[in-house]
Each structure stands twice: as structure tokens, then as C-alpha cells.
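Novice: Below are the sequence and a predicted model for it; my questions follow.
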Amino acid sequence: MASLKNAAKSRQKPHRERSQPESRAKLGFLEKKKDYKQRAEEFHRKESTLTALRRRALNRNPDEFYFNMVRTKKVDGVHQPREEREPEYTEEQIKLMRSQDIRYVNFKRTAELKKIERLKSELHLLDAQDKPQNKHTIFVDSKKDVKTFDAASHFNTHPALVGRRYNRPTWDTLEKHQTPVFDEEMMQDLASEKQKKYKELTKRIERERELSIIAQKMEVQKRLMDKKAKKKKIADETKESAAQYRWCAKRKR
């Protein structure tokens, strides 16, 4: 029987709320159920807000101090924040502040350059990825020697150091300085540490380049503050460079 009821409901005409009759059009829009729900939700939301504010006002300490008591003023019964005057600076003061900003950027750039030089001195950039991959060709007498060729014994070094293009000490050097025995895990740790330093070097070079661009743009903005100087714009400012101007020569007395 339930299936018959569901089938009967599916054939029923959908219920539609009537619109405002023409004779009552002067009364305005006829409210539907969805409009009533929206109005009711808004009413209850405002009622809840007022209830919470009344409870907060009842629980408030009359001796409590709020900074808004001195930072606002009443205008037509409504609290409004006081208008704070913008600080006024002379042209010379603004130039001095710009100069200090440029000096700080140049200071940070110099610090980055020193760190870049220190990293370069440690890494030597001998096995960087952008360097050409050189080949070391060794000639032997016969094909049998090719099959039995051992690079470690030929270079008289540890097998873990054969693939290095720099700082490949011999067994005599390793024994003289009492170097610990190399293993695969130790070489991987050294390679990982070296890769981290290369990544740090790349980031610092990029940061130094960004600081250089910022310093150039700030220097141009500082020079543009001189309204009397005659200039001609050559190129617009981009993400990679500052705007370029041609400044007329100024005779100095």
C-alpha cells in the first residue's frame, strides 16, 4: 500500500503559493513562506544579539576602563573614532628617512654578499650542476684490461672517492692524516650536507639580487623628490629593474 501512496503523490499537482491578487496589488508584495522564514531568522538573530548585549551590560563593572572611552567621541548619539591627524614632514625630513631606508637595505645586501662569499669559499663551486660534466679518459693496452680495470687501484684511492672530481686523496694521504674509513652512508651524508649548502647559496644569491633591485628603486624615488630637476623618462619600472631617467646636468655654484 505504501508504494501506491507514493505513486499517487507523484501524480499530484505540485503545490504553488498564490501571488498577490490584482485587487490587492496596492498593498504591495504578498509574503511567501520562504520570505517569512528569512524574516523570522533575522528577527531571532537580532533578538539574540540584544539579549547578549543586555546580559553583558548587566554584568559590566562600572569602574572598568576601556581605551575607547578616550579614543571615541559621540556624534548624534553614536560613538565614532576620533580623527587622527597624519604626521607632517618637511621635504628634507622625508629625504633623510628615505636615505636611512636605502642605507638599511644596502646594509642587508652587504651582509648577504659576505655570506655568499663565505659559502663560495667553502664549496668552491667545483661540482655545481651548471658546470660542464668533464670526462676522464684512460687508455689501456687490450680489451682484457678494459674488463678488469679498477679505477680505485688505478688512482690509488678509496673506492668511495673515485667519483669525485675534486679533493680525491690517495691512500698515502689518507693514512698520513689518519682519515677514518669511508663508507656509503658517510658519503651520502656528506653529499646531502653539500646539497643543502648549494640550496642556501642559491637562495642568498636570489635575495641579494632582490635587495639590489629594491635599493635601485628607492634611490630613483629619492631623486624624483627633487621637483626642480629636469629629467626625461627612458624606461618604465619593471619587476626586475627600476625606472630609468636621463637627468639634465645641473651647474653647481
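Specialist: Cool, got the structure.

Novice: Three-state assignment for the residue minimising distance to the centre of the chain, please.
Specialist: Per Cα atoms, centre = their mean, the C-alpha nearest to the average position across the chain is that of R207, at 12.2 Å. Secondary structure of R207, reduced to three states by DSSP: H, G, I helix; E, B strand; the rest coil: helix.

Novice: which residues does it contact?
Specialist: Listed by Cβ atoms under 8 Å, 6 or more residues apart in numbering, the contact set of R207 reads E112. Where C-beta positions appear, they are placed from N, C-alpha and C, glycine not excepted.

Novice: ok, how many other residues are close to R109?
Specialist: 18 (other Cβ atoms under 10 Å).

Novice: er, E42 I mean
Specialist: 10.

Novice: so what secondary structure elements neighbour the helix or strand containing K115?
Specialist: Assigned by DSSP states H and E, K115 falls within helix 91-123. Under the contact criterion of 3 or more Cβ pairs under 8 Å, 6 or more residues apart in numbering; DSSP states H and E, helix 91-123 touches helix 184-224.

Novice: pLDDT value on the residue nearest to the centre of the chain, please?
Specialist: Here the pLDDT value assigned to R207 is 89.

Novice: and the gap between it and A25?
Specialist: 71 Å (Cβ to Cβ, to the nearest Å).

Novice: likewise N61?
Specialist: Applying Cβ to Cβ to N61 and A25 gives a distance of 56 Å.

Novice: Pick out whichever of these two has more residues nearby.
Specialist: Using other Cβ under 10 Å as the criterion, N61 and A25 rank with A25 on top: 11 against 6.

Novice: Quick check, pLDDT for A191.
Specialist: On the pLDDT scale, A191 gets 70.

Novice: Over to the one 10 residues further on?
Specialist: On pLDDT, L201 comes in at 88.

Novice: What ranges in the stretch 151-253 of the chain fall below the confidence cut-off?
Specialist: Scanning the stretch 151-253 of the chain for pLDDT under 70 picks out 151-156, 158-169, 171-190, 253.
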